[in-house]
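A.B. asks: Have a look; sequence and predicted model below, questions after that.
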Amino acid sequence: MTTLSLSKAINEGLRKALEDDPKVLVMGEDVGKLGGVFRVTDGLQKDFGEDRVIDTPLAESGIIGTAIGLALRGYRPVCEIQFDGFVFPAADQIITQLAKMPLRSLGAIKLPVVVRIPCGGGIGAVEHHSESPEAYFTHTGGLRVVACSNPADAYTMIQQAIRSDDPVIFFEPKRRYWDKADVDVEAPGLPLEAAKVVREGRDVTMLAYGPMVKTCLEAAIAAEEDGRSLEVIDLRSLNPLDTATITGSVRRTGRCVVVHEAPVFNGFGAELAARITESCFYHLEAPVLRVGGFSTPYPPSRLEEHYLPDLDRVLDTVDRSLAF
């Protein structure tokens with residue numbers, strides 16, 4: 001058992017993948033000499049060389065386009081998008097080519113490309129540096145979309161994503177990069193597509209992923225003082241979705257609150273609410289409620305505390321659910 005921060009856990013997971021498979025490459029803006037803006041790739045270029053840990057030009061479309069070409073030649077590229085809001089110049093390559101070529105070829109072509117995206121706010125940054133763009137990619141058929149929330153999952157999930165023959169969008173909660181926890185580097189971990197019940201409860205199911213899992217766990221601890229038992233599920237995989245774990249929990253509790261940083265309107269929580277309503281309608285004691293950001297561009301850093309879901313907003317929504 002080793003104590004690692006989330007960023008160091010990803011670093012160690014990348015290192016293990018590079019050691020195990022010579023076809024694995026890491027590429028992105030400043031990932032080599034600098035070790036990435038958040039130092040997630042620190043030391044990898046020194047140990048594996050410039051041919052395997054590649055500093056690219058500042059051109060996200062070029063990064064993904066190059067990765068697609070490398071994947072066609074048998075490599076397993078891991079691309080870093082420096083900040084979440086920088087992914088949109090690469091959206092054409094991701095949506096038009098990366099997601100579609102395997103099906104277009106009836107499975108003859110495999111594109112094992114991982115696109116790492118530090119996501120979310122909470123670090124005092126501005127727009128383009130604090131976005132939560134997951135709904136764009138969960139809406140795109142042909143992509144796996146996953147989000148880690150803790151060091152242990154980060155270590156195993158990045159390796160599973162690299163081993164996958166499917167393109168994977170890998171969201172990393174940047175405000176949790178410095179959170180530390182014990183990591184068993186020998187443990188196989190859950191399957192990449194599996195959700196995890198991180199806290200059991202009786203009264204309300206809380207669904208979260210990435211940075212909001214910790215917030216929901218804090219809410220569950222606070223609610224316990226008032227005699228309320230909240231079950232917290234870390235979705236981990238947004239596409240495909242572990243529907244069985246989600247619906248099994250909601251059918252027991254009868255209530256569900258979905259929490260994410262992205263704006264509520266047309267956010268990923270809307271899909272969760274729809275699926276739960278379809279599958280659990282006769283078990284629900286209250287509507288599925290959502291907590292998220294507002295339908296505005298990400299605000300200046302001095303206002304982000306008002307924009308991001310916090311403990312009070314989550315607990316208020318739990319109260320609303322229990323009031324039905």
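C.D. replies: Yes, it's here. Worth saying up front: this structure is predicted, and the values here are computed from it rather than measured.
A.B. asks: just the strands in the stretch 1-150 of the chain please.
C.D. replies: 2-5, 24-28, 53-55, 76-80, 114-119, 144-147 (DSSP state E, counting those that start in this stretch).
A.B. asks: Let me have these in JSON lines, adding mean pLDDT, distance to His129 and mean neighbour count as columns.
C.D. replies: Just so you know, the C-beta spots here come from the backbone N, C-alpha and C atoms, and that holds for glycine as well. Converted to JSON lines, the strands of the stretch 1-150 of the chain look like this (pLDDT from 0 to 100; distance: least, Cβ to Cβ, whole Å; neighbours: other Cβ atoms under 10 Å):
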{"stretch": "strand 2-5", "mean pLDDT": "96", "distance to His129": "20", "mean neighbour count": "16"}
{"stretch": "strand 24-28", "mean pLDDT": "98", "distance to His129": "16", "mean neighbour count": "23"}
{"stretch": "strand 53-55", "mean pLDDT": "98", "distance to His129": "20", "mean neighbour count": "19"}
{"stretch": "strand 76-80", "mean pLDDT": "98", "distance to His129": "14", "mean neighbour count": "26"}
{"stretch": "strand 114-119", "mean pLDDT": "98", "distance to His129": "9", "mean neighbour count": "27"}
{"stretch": "strand 144-147", "mean pLDDT": "98", "distance to His129": "18", "mean neighbour count": "25"}
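A.B. asks: show me where the stretch 201-324 of the chain has strands.
C.D. replies: Going by DSSP E, counting those that start in this stretch, the stretch 201-324 of the chain shows strands at 204-208, 230-234, 237-239, 256-263, 289-293.
A.B. asks: on that earlier part again, distance to Asp47 added to the strands of the stretch 1-150 of the chain, as a markdown table?
C.D. replies: Output for those, formatted as a markdown table (distance: least, Cβ to Cβ, whole Å):
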| stretch | distance to Asp47 |
| --- | --- |
| strand 2-5 | 17 |
| strand 24-28 | 11 |
| strand 53-55 | 8 |
| strand 76-80 | 15 |
| strand 114-119 | 19 |
| strand 144-147 | 26 |
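A.B. asks: how about these, which one is nearest Ala220?
C.D. replies: strand 144-147 (19.1 Å; Cβ to Cβ).
A.B. asks: so what strands line up beside the closest one?
C.D. replies: Sheet pairing of strand 144-147 (DSSP bridges) gives strand 168-173 (parallel), strand 237-239 (antiparallel).
A.B. asks: Name the surrounding residues that touch the first one.
C.D. replies: Contact with strand 168-173 is made by 6, 10, 40, 94, 113-120, 134, 137, 143-149, 154, 157-158, 161, 209-211, as judged by Cβ atoms under 8 Å, 6 or more residues apart in numbering.
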